[in-house]
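Undergrad: need a structure here:
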Amino acid sequence: MLNIAIFASGSGSNAENIISYFKDKNICRIGVIISNKPDAYVHERAKRLGVRSVAFSKSEFDSSDKVLDFLKSEHIDFIVLAGFLLKVPNNIIEAFPDKIVNIHPALLPKFGGKGMYGDNVHKAVVQAGEPESGITIHYINENYDEGNIIFQAKCQVEKNDTYEDVAHKVHELEYKYFPEVIESVLRS
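TA: Residues are numbered from 1 along each chain as shown. Prediction:
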């Protein structure tokens with residue numbers, strides 16, 4: 001059975017959705033949640049769901065092998081980024097080639113890159129007058145939001161939609177498709 005680490009920086013709603021989805025499936029187990037924020041709400045969700053969670057500082061991610069050594073010690077096979085805001089360092093990318101997936105709250109290549117996360121993305125979509133938005137699930141590489149695309153799903157952006165309206169539509173797509181696409185990738 002594959003052992004998965006989820007990286008998350010925030011509330012952990014996608015992490016919880018993924019954990020719940022895989023709870024009764026025999027394809028993988030969620031071994032640990034790793035965050036760059038010790039006070040992120042994802043740790044509370046992890047505790048409630050019975051999943052171990054740990055936090056590493058930005059410097060521990062960026063300038064040491066501490067996170068990579070931890071992943072190896074936990075026998076992690078695959079990494080899922082679920083609202084993780086740091087750039088994954090090259091040592092981890094190299095150790096997990098095509099074994100790290102991310103979800104982005106827009107239709108890449110539009111509205112990607114450094115600083116384009118969460119509400120920043122939804123505000124940019126509305127300000128640009130885009131007729132649609134959606135999600136992109138992709139492998140990660142050394143550049144923000146440039147890894148090979150695995151899956152995209154779209155939603156309409158109405159002329160009077162606020163960024164909060166767009167965020168709600170995009171979250172619905174995330175909750176519906178992210179676990180299914182992860183399962184498909186794990187089975188391939």
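
Undergrad: So what touches the one helix or strand residue 173 maps to?
TA: Using DSSP states H and E, residue 173 sits within helix 163-187. Residues outside helix 163-187 that contact it (C-beta atoms under 8 Å, 6 or more residues apart in numbering): 2, 13-14, 17-18, 21-22, 25, 27-28, 78, 80, 82, 101, 103, 105-106, 118-119, 122-123, 125-126, 133-135, 137, 150-151, 153, 155-158, 161. For the C-beta atoms, the positions are set from N, CA and C on the backbone; glycine is no exception.

Undergrad: got it, and stretch 114-133?
TA: 10, 83, 85, 87, 104-107, 110-111, 144-145, 154-157, 161-164, 166-167, 169-170.

Undergrad: Just the buried ones from the residues you listed, in PyMOL syntax?
TA: Buried members of the contacts of stretch 114-133, defined by 16 or more other C-beta atoms under 10 Å, are picked up in PyMOL with:
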select buried, resi 10+83+85+104+105+106+107+111+144+145+155+157+161+163+166+167+169+170
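
Undergrad: Keep only those of the contacts of stretch 114-133 that are in strands.
TA: The strands, defined by DSSP state E, take in 104, 154-156 from those.

Undergrad: what's the average pLDDT for the helix holding residue 173?
TA: Per-residue pLDDT over helix 163-187 has a mean of 96.

Undergrad: Check stretch 117-127 too.
TA: On average, stretch 117-127 scores 94.

Undergrad: That one: which residues count as buried?
TA: Burial within stretch 117-127, assessed by neighbour count using 16+ other C-beta under 10 Å, is assigned to 117, 121-126.

Undergrad: And the lowest mean pLDDT element among the helices and strands of this structure?
TA: Lowest by mean pLDDT, DSSP states H and E among the helices and strands of the chain is helix 58-62, with a mean of 91.
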